[in-house]
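>>> From the sequence below, what's the structure:
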Amino acid sequence: MDTSITHIRPRFEFTVPFPPGEVMERIAGLKEKARGQVVGTIIDDHIILDIPASDRHYWSPQLNFRVEADELNPEHSVVRGLIGPRPTVWTMFMFIYFSVGTLGFFVASFGFIKWRMGEFSYFTLALPLAIIFMLTAYQTGKYGERLGADQIEVLKQFVRDALNMEKPQNAN
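Down below sits the predicted model:
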């Protein structure tokens, strides 16, 4: 599970040499032991891991993954998931990107049409302003990623410990 924080919501997939039931038991057992560091919810074959509320901040990450039987070898499991901001933070940023992008496109289009007709319009400034605003939102998100980097490692280490996986030598 070598996920770097260079992506906003890095996805991962790996195979473990245990059947899905055993993987779920390992996760549940370690979740009970690690109550101070990691809290989570297990629903069927879906696991959501969080940082405890006392240590959680706005930029705290969340780890979501599913455990499925490997089609080629039923005695193995495939673990697929993603790690990233909590859904409220992710939704807010997607709303900002969509709103600014849509508004910037239509206002800049209107300004461009006016410009092509030989008229001056301040709406032509909307596109650079929208780009600046989106870059600011992106940099804010990257700043939040850096604030949550230590907690990302806590969540990743929890999964490594539960599945008896070694940390890769070149992993972050």
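>>> helices and strands around the helix or strand harbouring residue 138, which ones?
Element membership of residue 138 [criterion: DSSP states H and E] is helix 126-162. Packing partners of helix 126-162 (3 or more CB pairs under 8 Å, 6 or more residues apart in numbering; DSSP states H and E): helix 20-33, strand 46-50, strand 61-69, strand 77-85, helix 87-116. Using the backbone N, CA and C atoms, a C-beta is placed for each residue, glycine as well.
>>> Leaving out chain neighbours, which residue sits closest to residue 111?
residue 123 (3.1 Å; CB to CB, 6 or more residues apart in numbering).
>>> pLDDT at that neighbour, what is it?
Per-residue confidence (pLDDT) for residue 123: 79.
>>> show me the contacts for the nearest residue to residue 134 once chain neighbours are set aside.
Spatial nearest neighbour of residue 134, excluding adjacent residues (CB to CB, 6+ apart): residue 100 at 5.5 Å. Residues near residue 100 by CB atoms under 8 Å, 6 or more residues apart in numbering: 130, 133, 134, 137.
>>> wait, isn't the first one in contact with residue 103?
Yes - in this structure, residue 130 sits in contact with residue 103. The criterion is CB atoms under 8 Å, and the distance is 6.9 Å.
>>> quick one, which of these two is more surrounded?
residue 130 (19 against 14; other CB atoms under 10 Å).
>>> Contacts only, for the more buried one.
100, 101, 103, 104, 105, 107, 108.
>>> if we go to 7 Å?
Residue 130 sits next to 100, 101, 103, 104 when contact means CB atoms under 7 Å, 6 or more residues apart in numbering.
>>> so where is the protein shaky, pLDDT-wise?
1-8, 165-172 (pLDDT under 70).
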